[in-house]
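Asker: just to be clear, the model below is a prediction. Sequence and coordinates:
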Amino acid sequence: MGTAGKRKVRKWVVVCGCLLAVAGIGIAAFAAVGASGKRSLKDKAADDVPQMVKEEDAQALPAAEEQEETEWEPGWVKYEGKVYAYNEDIMTFLFMGIDKDNEVREVAEGTDGGQADALFLLVLNPKTETFQIISVNRNTMTDIRLYDSSGEYLSTVQAQIAVQHGFGNGVEESCEYQVDAVRRLFYNLPIHGYCAVNMDAVITLTDLVGGIELTSLEDVTSAIQDETLGAPVVKEGETVLLDGRMAYSYVRYRDIDEEGSANKRLLRQQQFLGEWIKKTKGAVKKDFSLVLDLYHAVMEQMVTDISVDEVVYLAGLAADYKFSMDQFHSLQGETVQGEEFEEFYVDEDALYRMMLDIFYEPRE
C-alpha cells in the first residue's frame, strides 16, 4: 500500500474510532479512550522544555551559586529579577492553512508542497481551563532549511516562515518541516501535534456550522477561481453572515500590490477563526458528534498527526475551556519591503515576554 493509501486508512481509523467511542462503547470506554489520548499527548513532549536561555541574554542567566541555592530546575529562566518555570501541563498545537485547494496530494520532493499562508499556535492550559491562540505572520523572517530534490539537507537561510512547508512531499514531511521552523522561532517550544488543511476546507467548515457572522474589517473581493473572481464579497464595516464561499474569500484574499496586505489578511483570519471557534464550541457542547462530522468532511483536505484517542481527549477539553477574542495574540514586529517580497521582523523582546506570559509561571 502506498503512502497516500496508508494515510486514508489511518484517517478512517480515527473517524471510526471516534464513532465507536461516542456511540457504541459507552461512557466508561469513551473516558478510557480520552485518558489514553491524554497520556499519548504528554509522551510526545515528555521532558521537553523551551530553550529560553540565550548566551547573549545575560539577565536570564542566574549565577552559579544562585542555581545551587535554589536547586535550579530545567525549564527555569530568570528575567528582570524574577524566576519563571515552564508550565509542563500546557499542550501546544500548530494549525496550518496551505495555499492549495481540493484533496491533499503527495508531490515529488522539491518546493511544490504549498506555502503555509495561515499559521496559528493553539495553546491549551489545563490549570486555568483556557486556551490561547498565537497568530504567526506568514512573512515572518526566520531560519528556513533548504532541501534538494532527493530530500537531502542543503543549508539554512533566513526567509519567510510560510515557505518552509513548500519543501518536502506536500504531506507529512512538509508538515514536519513547518513544525520544526515554528519550534525554532519560539525557542524550541514543545509542539504536541499539528493539523494542516488546504484552504478551501474553510468552505466546508463554515457551512457545517451554519455560517459565520462578523463585521468585515475591510473591503474583500472574491478569491474563488471561477466567474466570481474579483467580484465584491463584503465591504468594510458591513455585518454579514458568511457562507462557505464568502468565508474562503475573507480568509484568503489579499492585494499583493498593497503594502502590508499580509498583515491585514492575518487580522481577518484571526477574526474569522475566533468567531468560528465560539460558534463551534457552543454547537459541540450540544452535540458532540459535530466533531466527527467536521473531521470527516475535511478528511481528504487535511494532514494531521493527532490520533483518535487524542482527538477524543482534546474535543472534550476544548468544549469546556473558556475562550474570548482577548486570548488571541499576534507577534509584534515590523514589516519592510524586501528585494522581492515583504518581510516581517519579529520584536525579540516582545516575543520573549509573550513566551513568559503564556507558557511560564512565576516562582514564588
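Answerer: Yes, it's here.

Asker: where are the low-confidence patches of the stretch 151-300 of the chain?
Answerer: Scanning the stretch 151-300 of the chain for pLDDT under 70 picks out no residues.

Asker: that one: strands as residue ranges?
Answerer: 153-160, 193-198, 212-215, 220-221, 232-234, 239-242 (DSSP state E, counting those that start in this stretch).

Asker: could you dump those to a markdown table with distance to V123?
Answerer: No exception for glycine: its C-beta is placed from N, CA and C like everyone else's. What follows is the strands of the stretch 151-300 of the chain, written out as a markdown table (distance: least, C-beta to C-beta, whole Å):
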| stretch | distance to V123 |
| --- | --- |
| strand 153-160 | 23 |
| strand 193-198 | 12 |
| strand 212-215 | 22 |
| strand 220-221 | 29 |
| strand 232-234 | 30 |
| strand 239-242 | 26 |
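
Asker: any chance of these in JSON lines, plus mean neighbour count and distance to L185?
Answerer: Formatted as JSON lines, the entries for these read as follows, by neighbours: other C-beta atoms under 10 Å; distance: least, C-beta to C-beta, whole Å:
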{"stretch": "strand 153-160", "mean neighbour count": "13", "distance to L185": "11"}
{"stretch": "strand 193-198", "mean neighbour count": "22", "distance to L185": "15"}
{"stretch": "strand 212-215", "mean neighbour count": "17", "distance to L185": "29"}
{"stretch": "strand 220-221", "mean neighbour count": "20", "distance to L185": "29"}
{"stretch": "strand 232-234", "mean neighbour count": "18", "distance to L185": "32"}
{"stretch": "strand 239-242", "mean neighbour count": "16", "distance to L185": "31"}
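
Asker: sec struct for the nearest residue to N188 once chain neighbours are set aside, please.
Answerer: Nearest residue to N188, sequence neighbours excluded (C-beta to C-beta, 6 or more residues apart in numbering): Q51, at 4.5 Å. Under DSSP: H, G, I helix; E, B strand; the rest coil, the three-state class of Q51 is coil.

Asker: I figured Q51 hits Y187, correct?
Answerer: Yes. Using C-beta atoms under 8 Å, Q51 and Y187 qualify as a contacting pair, with a distance of 5.3 Å.

Asker: neighbour count: these two, which is higher?
Answerer: Y187 (17 against 14; other C-beta atoms under 10 Å).

Asker: ok, and what's touching stretch 201-214?
Answerer: 97, 239-245, 247-248, 251-252, 271-272, 275-276, 279-280, 283, 290, 293-294, 297-298, 301-302 (C-beta atoms under 8 Å, 6 or more residues apart in numbering).

Asker: so which of those residues are in helices?
Answerer: 244-245, 247-248, 251-252, 271-272, 275-276, 279-280, 283, 290, 293-294, 297 (DSSP state H).

Asker: report the buried members of those residues.
Answerer: With burial judged by 16 or more other C-beta atoms under 10 Å, the buried subset of those is 244-245, 247-248, 251-252, 271-272, 275-276, 279-280, 283, 290, 294, 297.

Asker: what is the nearest of the residues you listed to E343?
Answerer: Ranked by distance to E343 (C-beta to C-beta), those are led by R252 at 21.1 Å.

Asker: which ones are touching that closest one?
Answerer: Counted by C-beta under 8 Å, 6+ apart, R252 has contacts D99, D117, M199, V202, A223, R265.

Asker: now it: how far from V303?
Answerer: 19 Å (C-beta to C-beta, to the nearest Å).

Asker: just to revisit the earlier point, most neighbours among the contacts of R252, which one is it?
Answerer: Neighbour counts for the contacts of R252 peak at V202, which has 29 neighbours (criterion: other C-beta under 10 Å).

Asker: what's the distance between that residue and V123?
Answerer: 22 Å.

Asker: okay, now the closest residue to D293 other than its chain neighbours: neighbour count?
Answerer: Closest residue to D293 apart from its sequence neighbours, by C-beta to C-beta, 6+ apart: L208 at 6.1 Å. Close neighbours of L208, defined as other C-beta under 10 Å, add up to 16.
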